[in-house]
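> Give me a 3D structure for the following:
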Amino acid sequence: MMGRLILAGGTGILGQLLIPSFLEKEYEIIILTRRAQRVSDDINVKYVHWDGRQSGEWINYLDGADVLINMSGERIDRRFTKKNKSLLEKSRIEPTRTLGEAISRLANPPAVWINFSGVSLFGGAETISDEYSQIYGRGFLPDLTEKWEKAFAQCDAPKTRKIVLRISPVLTHAGGLFASLFPLAKWRLAGTIGSGKQYVPWIHQEDFVRLVHWLIEGENKQGIYHACTPDVIDNRQLMQALRNVVGVSVGLPLPTIFAKIGAYLRGIDPSLLLETTPVVSVRLAEEGFSFKYLHIDQALEQLVRG
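This is a model prediction of the structure:
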């Protein structure tokens, strides 16, 4: 075995994207999950129950681990009711603090701890932001993300290299932005949403996986990184690129009022469709990470053509 990887909350889309690449590198993979006990088909993958709040058997696997990746957190594609806001906050902050408390007591804590965050920290911001920006957006998601990162920063882990990875929409067939838009494009429904001027950060699934390994293998990598390309596009450009690759000349636009109605019917907050998130990555280029899919056209082409 090359090492032991702990994936906290690894049953979601991003966790499942990462697992095959770590198996290729001969890692032992421990997935911490709140769900009922599961059994993997691969002997090198083990599911261990935890609730994200209390100590348990899972701490034994954390001791001596090489890598910890915490991606715990309920999905944000829901209405931002008081109940849902509390759920989204607790599902992120409590596991982060619980892992930090466990690590502070370990004789052999993980060498690397990547804690997921979100580029939603800059939702609604007026200027394009990067890893060095310190003026954040305002609203529920930016405030939640700021609290999440503060909880991670407060964790005492002097023997562990800590990395904040702010995730943007990962383009993948498995779910999320591309998976929801691709069928619409084929039915000529992928027109501009709202004004079309809202910025949409993104990263291709292959580059997301490559980035995680690059951060782990870089001994000096720590601090904040953005999991998104330097390629700034808005919703109008995204939809046009998608129609182009699908081979559809037109797409029915979705004016703001109908976007709000559609969001209500789908059970999500309208801001997820209409709010701008002007974010790019800068540190990645500075430190030598090379994107395989730098521009949206080539990323969509790969996903559609395979």
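> going forward, measure contacts and count neighbours with C-alpha atoms only.
OK.
> For the stretch 201-306 of the chain, which segments count as strands?
203-204, 223-227 (DSSP state E, counting those that start in this stretch).
> show me where pLDDT drops low in the stretch 1-150 of the chain?
1, 36-37 (pLDDT under 70).
> show me where it has helices.
Listed in chain order, the helices of the stretch 1-150 of the chain (DSSP state H, counting those that start in this stretch) span 13-24, 58-62, 82-104, 140-153.
> quick one: contacts of the first one?
Applying CA atoms under 8 Å, 6 or more residues apart in numbering, the contact partners of helix 13-24 are 7, 9-10, 29, 44, 71, 174-175, 205, 209.
> let's see it at 10 Å
1-5, 7-11, 26-29, 31, 42, 44-45, 69-72, 167, 170, 172-176, 205-206, 208-210, 212-213 (CA atoms under 10 Å, 6 or more residues apart in numbering).
> and of the helices of the stretch 1-150 of the chain, who's closest to residue 133?
helix 140-153 (12.8 Å; CA to CA).
> The closest one to strand 223-227, inter-axis angle?
140 degrees (axes from the mean of the first three to the mean of the last three CA atoms, to 10 degrees).
> start at 20 instead
Sure thing, new numbering starts at 20, so read that last one as helix 159-172.
> Helix 159-172 vs helix 101-123, what angle?
Angle of helix 159-172 versus helix 101-123, following the same axes, to 10 degrees, is 20 degrees.
> Who are the packing partners of helix 159-172?
helix 101-123, strand 131-137, strand 180-186, helix 290-293 (3 or more CA pairs under 10 Å, 6 or more residues apart in numbering; DSSP states H and E).
> and the third one, which strands flank it?
To tie it back to what came earlier, the one meant is strand 180-186. strand 131-137 (parallel), strand 242-246 (parallel) (DSSP bridges).
> Just the CA coordinates for the first one, please, in PDB.
What it means is strand 131-137. Listed next in PDB are the C-alpha coordinates belonging to strand 131-137 (Å, rounded to 0.1, in the frame of the first residue of the first chain):
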ATOM      1  CA  VAL A 131      -2.100  16.300   5.000                       C
ATOM      2  CA  TRP A 132      -5.600  17.600   5.600                       C
ATOM      3  CA  ILE A 133      -7.600  19.000   2.700                       C
ATOM      4  CA  ASN A 134     -10.800  20.600   3.900                       C
ATOM      5  CA  PHE A 135     -13.300  21.400   1.200                       C
ATOM      6  CA  SER A 136     -14.900  24.900   1.100                       C
ATOM      7  CA  GLY A 137     -16.700  26.700  -1.700                       C
END
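> Mind listing what's buried along that strand?
Across strand 131-137, burial judged by 16 or more other CA atoms under 10 Å covers 131-137.
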